[in-house]
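Undergrad: here is my input, please return the structure:
(chains A and B)
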There are 2 protein chains.
Amino acid sequence: MKIALDAMGGDFGPPNLVAGAVMALREYRHIKKLFLVGDTKQIEAELKKHKCNDRRIAIVHATQVVDMSDRAWSAVRRKKDSSVSRAVDLVKHGEADAIVSAGHTGAAVAASMIKLRTLEGVDRPGIAAVLPTQFNVFVLVDAGANIDARPEHLLQYAIMGSVYSRHVLGYKRPRVGLISLGEEDVKGTEKTKEVFKMLKKTSLNFRGNIEGRHLFEDPVEVVVCDGFVGNVILKTCESIAVAIFKWLKAELTRSTRRKAGAFLAKHAFLAIKDKTNYEYYGGSPLLGVNGICIIAHGASTPLAIKNALRVAAESIEHQLNPHIVEEIRRYHETTASLEPAAALR
Amino acid sequence: MKIALDAMGGDFGPPNLVAGAVMALREYRHIKKLFLVGDTKQIEAELKKHKCNDRRIAIVHATQVVDMSDRAWSAVRRKKDSSVSRAVDLVKHGEADAIVSAGHTGAAVAASMIKLRTLEGVDRPGIAAVLPTQFNVFVLVDAGANIDARPEHLLQYAIMGSVYSRHVLGYKRPRVGLISLGEEDVKGTEKTKEVFKMLKKTSLNFRGNIEGRHLFEDPVEVVVCDGFVGNVILKTCESIAVAIFKWLKAELTRSTRRKAGAFLAKHAFLAIKDKTNYEYYGGSPLLGVNGICIIAHGASTPLAIKNALRVAAESIEHQLNPHIVEEIRRYHETTASLEPAAALR
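TA: Okay, the predicted model is just below:
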């Protein structure tokens, strides 16, 4: 498989990105080609630091970078030679199967939508973020691609999230929950109520509304919400996990006795830190575009980039997109047979 | 001051509510009257358990309770003799200064809006939840009262949240942040962009957009968002804090060494647990209604109820509502003087 990495995006630029690429190439032999897209000089300098001359690497030069202050859509239109645009072009022209970017999320989404288009039957792509529970993980769709989602978009997120959970994460019959206020069927906004009705009619394993307070108690494997809410959930989780560890550290160093306790229990803290560490989850697939696009964290470490490349490889390997197209087609066929009038529209 | 407690609502009903009331009366001498509203027999039985015959208690009988499955507005209209409705009536008729309810949040909001109306200049009330950071607290408005907020509602939340932060929580010049995607001015939905512009024009200490990921790093003292998003943030925080402690407990008991460490560092864990424990924050004021209404957590313990009664007392004591009316009036005067056309509408 062939992957294109936007080697310029993200808070730390080429150093972390190239380091992650080198780690991935060492670990994943099934990556046959890795395009590093961006400023050739900077990329070469980083590769030199790692003494890496892996023949699977191909540098693709790009002169521009999308900044965090750019507007997503206009950046894609204006900066034709940006690293993210060039990376998506490689997928568009069939030279790569997937793109990974840690840069401006909106720009990666816009470039993918403009250049790759959405999959058949999908109106809007959604980002699937993977989050941990005590014994499992769940996917949250949409984690921020589409901030003005209509009910049918949320329905498509539920279908695509289920496909990802089943085919890539390996859950047999993933349960689906809809983020709402209150768990009773009657609760929510006009939009969530409409989505609720639509989901009830599908063959998905839909379990109804779910509140934020039950997210980490393993209630479902697929959590559906619009991009604004999903992004807020994702970032709030990150924020509070970081805060709790910081508070804990301050408390654990307040006395010798506590310090001794912390020393003895060190591995327990490390285990939880790992569990809540986004670096291990690596990247979030943008579900629904015609090509694999993995959105990595802006502050990605080399480890996070390595894992984002792993997620890209897994999505290609497990035929994520063909499965999505098939599921969406099946949904439309079933709905059409249930509602003959709809088929005639 | 006189407070009316809905003695029936909440997940645990009269036992926790009456126990909390008894605790509050013992601690707060400045509560001159406490109405316990609900089923007289049940309330009397609970008071007997606590051997409480405090003369400041007055039981007000109510035959109905709003269930969690009821629709908020119709429950208020249909169940005329519900404990929450009767409690709000006491405020309406001037017999009590504040109401505290741990029952159906939507019903408490609806009853307050219908019976007390909003304050002059306020279109929609918003719930102000108090959340901890390492050294401070911040208020999140709206935490779930109004799920279809318009830009002007969010502006009013910013003003009311600032008043609460200043006059009740004691922050001199509270900073205000608007929940959005990305911190740059250009980012967000059409709605958040409009609110951003409105907030820029006020005399509030507005610091721009804020992302979930910076919430717990003390960036601002007032966080503004719509009720759907606010409720999701609040419940996600609760959920992940509980999850992390659960995971930590499992890890800390996996070996004798870790158990010994946990024992030595016990007080550090307890300090963090207290910090993230909603019971200490007690209740969230519903800002903007003409009367003090405190929303307590559905799963409130007696301690949480005691603290919700404290929040009610503080809101009365610090003249929360007169200050809100004054601030909103000042805002309108300033805007009117800036935009003469608006004053003529």
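Undergrad: so where is chain A shaky, pLDDT-wise?
TA: Within chain A, the stretches with pLDDT under 70 are A:336-345.
Undergrad: can I see the domain layout of it?
TA: The record assigns chain A these domain ranges, following automatic domain parsing: A:1-122+A:288-318, A:124-279.
Undergrad: now the strands for the stretch 101-250 of chain A?
TA: Remark: strands assigned in the stretch 101-250 of chain A by DSSP state E, counting those that start in this stretch are A:126-132, A:137-141, A:175-179, A:205-210, A:222-224.
Undergrad: tabulate those in CSV, adding columns for distance to B:A250.
TA: For the C-beta atoms, the positions are set from N, CA and C on the backbone; glycine is no exception. As requested, the strands of the stretch 101-250 of chain A are arranged in CSV below (distance: least, C-beta to C-beta, whole Å):
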stretch, distance to B:A250
strand A:126-132, 13
strand A:137-141, 17
strand A:175-179, 23
strand A:205-210, 23
strand A:222-224, 23
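Undergrad: out of these, nearest to B:E190?
TA: Of all these, strand A:126-132 sits nearest to B:E190, with 19.5 Å by C-beta to C-beta.
Undergrad: what's next to the closest one, contact-wise?
TA: Applying C-beta atoms under 8 Å, 6 or more residues apart in numbering or on different chains, the contact partners of strand A:126-132 are A:105, A:109, A:137-146, A:149, A:153, A:156-157, A:160-161, A:164, A:169, A:215-216, A:227, A:230, A:234, A:237, A:275-276, A:281, A:284-288, A:295.
Undergrad: repeat that for 7 Å
TA: Strand A:126-132 is contacted from outside by A:137-146, A:157, A:160-161, A:164, A:227, A:234, A:237, A:275-276, A:281, A:284-288, A:295, using C-beta atoms under 7 Å, 6 or more residues apart in numbering or on different chains.
Undergrad: report the contact partners of A:A96.
TA: With C-beta under 7 Å, 6+ apart, A:A96 has these contacts: A:2-4, A:35, A:90.
Undergrad: so of the residues you listed, which ones are in helices?
TA: Judged by DSSP state H, helices contain the following of the contacts of A:A96: A:L90.
Undergrad: could the contacts of A:A96 be laid out in a markdown table, adding neighbour count and distance to chain B?
TA: Shown next, in a markdown table, are the contacts of A:A96 (neighbours: other C-beta atoms under 10 Å in any protein chain shown; distance: C-beta to the nearest C-beta, whole Å):
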| residue | neighbour count | distance to chain B |
| --- | --- | --- |
| A:K2 | 18 | 31 |
| A:I3 | 28 | 27 |
| A:A4 | 30 | 24 |
| A:F35 | 24 | 27 |
| A:L90 | 22 | 27 |
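Undergrad: spatially, which two of the contacts of A:A96 are the most separated?
TA: A:I3 and A:L90 (9.2 Å).
Undergrad: from the contacts of A:A96, which is closest to A:E46?
TA: Checking the contacts of A:A96 against A:E46 with C-beta to C-beta, the nearest one is A:F35 at 14.7 Å.
Undergrad: report how many residues lie close to A:V289.
TA: 27 (other C-beta atoms under 10 Å in any protein chain shown).
Undergrad: which residues does it contact?
TA: Taking C-beta under 7 Å, 6+ apart as the criterion, A:V289 is in contact with A:112-113, A:116, A:118-119, A:125.
Undergrad: same question, A:L90
TA: Contacts of A:L90 by C-beta under 7 Å, 6+ apart are A:4, A:35, A:60, A:96.
Undergrad: pull up the gap between the closest residue to A:I295 other than its chain neighbours and chain B, please.
TA: Spatial nearest neighbour of A:I295, excluding adjacent residues (C-beta to C-beta, 6 or more residues apart in numbering or on different chains): A:S284 at 4.9 Å. Taking C-beta to the nearest C-beta, to the nearest Å as the measure, A:S284 falls 14 Å from chain B.
Undergrad: strands paired with the helix or strand harbouring A:S284, and their directions?
TA: Per DSSP states H and E: A:S284 is located in strand A:283-287. Strand A:283-287 pairs in its sheet with strand A:126-132 (antiparallel), strand A:292-296 (antiparallel), by DSSP bridges.
Undergrad: report the distance from the longest one to the chain centre.
TA: The one in question is strand A:126-132. Strand A:126-132 sits 5 Å away from the centroid of its parent chain (C-alpha atoms, centre = their mean, to the nearest Å).
Undergrad: one more: stretch A:132-145?
TA: So, by C-alpha atoms, centre = their mean, the centroid of stretch A:132-145 is 9 Å from its chain's centroid.
Undergrad: and that stretch, what's buried?
TA: With burial defined by 16 or more other C-beta atoms under 10 Å in any protein chain shown, the residues of stretch A:132-145 counted as buried are A:132-133, A:138-145.
Undergrad: for the closest residue in space to A:A262 that isn't next to it in sequence, give me its contacts.
TA: Spatially, and ignoring its direct neighbours in sequence, A:A262 is nearest to A:L252 (4.1 Å; C-beta to C-beta, 6+ apart). The contact partners of A:L252, taken as C-beta under 7 Å, 6+ apart, are A:258-259, A:262, B:265, B:268.
Undergrad: how close does A:L252 sit to B:S74?
TA: Separation of A:L252 from B:S74 (C-beta to C-beta, to the nearest Å): 51 Å.
Undergrad: likewise for A:A260?
TA: 59 Å.
Undergrad: these two: who's more crowded?
TA: A:A260 (15 against 11).
Undergrad: what strand or helix carries that one?
TA: Per DSSP H and E: helix A:256-264 holds A:A260.
Undergrad: what is that helix packed up against?
TA: For helix A:256-264, the elements it packs on are helix A:227-252, helix B:256-264, judged by 3 or more C-beta pairs under 7 Å, 6 or more residues apart in numbering or on different chains; DSSP states H and E.
Undergrad: check which residues of that helix are buried.
TA: A:258, A:261-262, A:264.
Undergrad: and the contacts of it?
TA: Counting by C-beta under 7 Å, 6+ apart, A:251-253, B:257-258, B:260-265, B:267-268 sit against helix A:256-264.
Undergrad: centre of the chain to it, how far?
TA: Its chain's C-alpha centre and that of helix A:256-264 lie 38 Å apart, by C-alpha atoms, centre = their mean.
Undergrad: what sits against the most centrally placed residue in chain A?
TA: In chain A, the residue lying closest to the centroid (C-alpha atoms, centre = their mean) is A:S284, at 1.3 Å. A:S284 sits next to A:127-130, A:143, A:294-295 when contact means C-beta under 7 Å, 6+ apart.
Undergrad: do the same with A:Y157
TA: A:126, A:141-142, A:224.
Undergrad: and A:P125, by the same measure?
TA: With contact set as C-beta under 7 Å, 6+ apart, A:P125 has these partners: A:109, A:112-113, A:118, A:145, A:286-289.
Undergrad: ok, these vs chain B, which is closest?
TA: A:A145 (10.4 Å; C-beta to the nearest C-beta).
Undergrad: which residues of chain A fall in helices?
TA: A:14-27, A:40-49, A:72-78, A:83-92, A:105-116, A:151-163, A:190-200, A:227-252, A:256-264, A:266-275, A:302-317, A:320-338, A:340-344.
Undergrad: export those helices to TSV and tack on distance to B:I244?
TA: Listed next are the helices of chain A as TSV, based on distance: least, C-beta to C-beta, whole Å:
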stretch	distance to B:I244
helix A:14-27	27
helix A:40-49	36
helix A:72-78	33
helix A:83-92	34
helix A:105-116	26
helix A:151-163	24
helix A:190-200	28
helix A:227-252	6
helix A:256-264	16
helix A:266-275	7
helix A:302-317	20
helix A:320-338	31
helix A:340-344	46
